[in-house]
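Student: have a look at this prediction, sequence included:
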Amino acid sequence: MLVAAAVCPCPPLLVPDVAAGAAPELDAARAACTDALGVLAASRPDLLVVVGPAEQSGRGTHPEGTRGSFGGFGVDLDVCLGRPGRAGAGPDAPQRELPPSLAVAAWLLERTGWSDAPVEGLGVGEPLEAERCLRTGEDIGGRAERVALLVMGDASACRTLKAPGYLDERAADFDAEAARALGSADVAALKAMDTALAYELKAAGRAPWQVLAGAAEGAGLGGALLYDDAPYGVGYLVAAWS
């Protein structure tokens, strides 16, 4: 059963080594992520599942100990999902790397010293239908007596003229509703998200958020919004559920 969740944005710029001189611009977001992960640790889960958007090569499960790299962003920095000595990290572990969203999650977990429970990763594709997201979440929620989720994903990428998706006048309202739903643990609202609009607004968090909705159904969790801003024209949201 789901006992806690943290929702965090997943831009590689969240990692100071990647952001370089621009790192201070996301200090508040990093601090909020740290607070959200603190809620996960306090829940004392038996299993932590990290869910994030992924391209085709990064979709599916990633066992604890899977490595990730920020070399593609010009930084010589590697990360490991959870603790490398745990099951799934041996010679039989998959050789593929973590997708960027899960690499950012691994960095957050390393930064906060996560060592309480086994960790697994799941990369989900942007086109994944809502019903499949919800079923996936339901399955995750039944994996252990006490399950926690770290949900990675950004809101729209269309908040300003210089945003990756250019300016779309619908983006601010979409992000506001996402912030409200995540901040209040509104499972019904997340389940009912407009998937077509999310795609048009390049909201990479839509599928992971709906996985969260599936896992949280019936769990009775409350939520708190810890961060809501759109630096670089992309909506970044941080929330904690417990």
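Tutor: Good, I have the coordinates. All values reported here derive from a predicted model rather than from experimental measurement.
Student: what pLDDT is listed against Gly220?
Tutor: Looking at Gly220, its pLDDT stands at 97.
Student: before we move on, which element is it in?
Tutor: Following DSSP states H and E, one finds Gly220 outside all helices and strands.
Student: okay, now it: neighbour count?
Tutor: Neighbour count for Gly220, taken as other C-beta atoms under 10 Å: 10. All C-beta spots, glycine's among them, are computed from the backbone N, C-alpha and C.
Student: so which residues of the protein form strands?
Tutor: 2-8, 47-53, 60-62, 67-69, 78-80, 119-124, 147-152, 223-229, 236-241 (DSSP state E).
Student: packing partners of the second one?
Tutor: What it means is strand 47-53. Of the remaining helices and strands, those touching strand 47-53 by 3 or more C-beta pairs under 8 Å, 6 or more residues apart in numbering; DSSP states H and E are helix 100-111, strand 119-124, strand 147-152, helix 206-216.
Student: these: which one's closest to Ser43?
Tutor: strand 147-152 (5.5 Å; C-beta to C-beta).
Student: residue contacts, the residue nearest in space to the middle of the chain?
Tutor: Centroid-nearest residue in the chain, with C-alpha atoms, centre = their mean: Met152, separated by 0.8 Å. By C-beta atoms under 8 Å, 6 or more residues apart in numbering, Met152 lies in contact with 8-10, 50-53, 101-102, 104-105, 205, 208.
Student: how close does it sit to Gly68?
Tutor: 12 Å (C-beta to C-beta, to the nearest Å).
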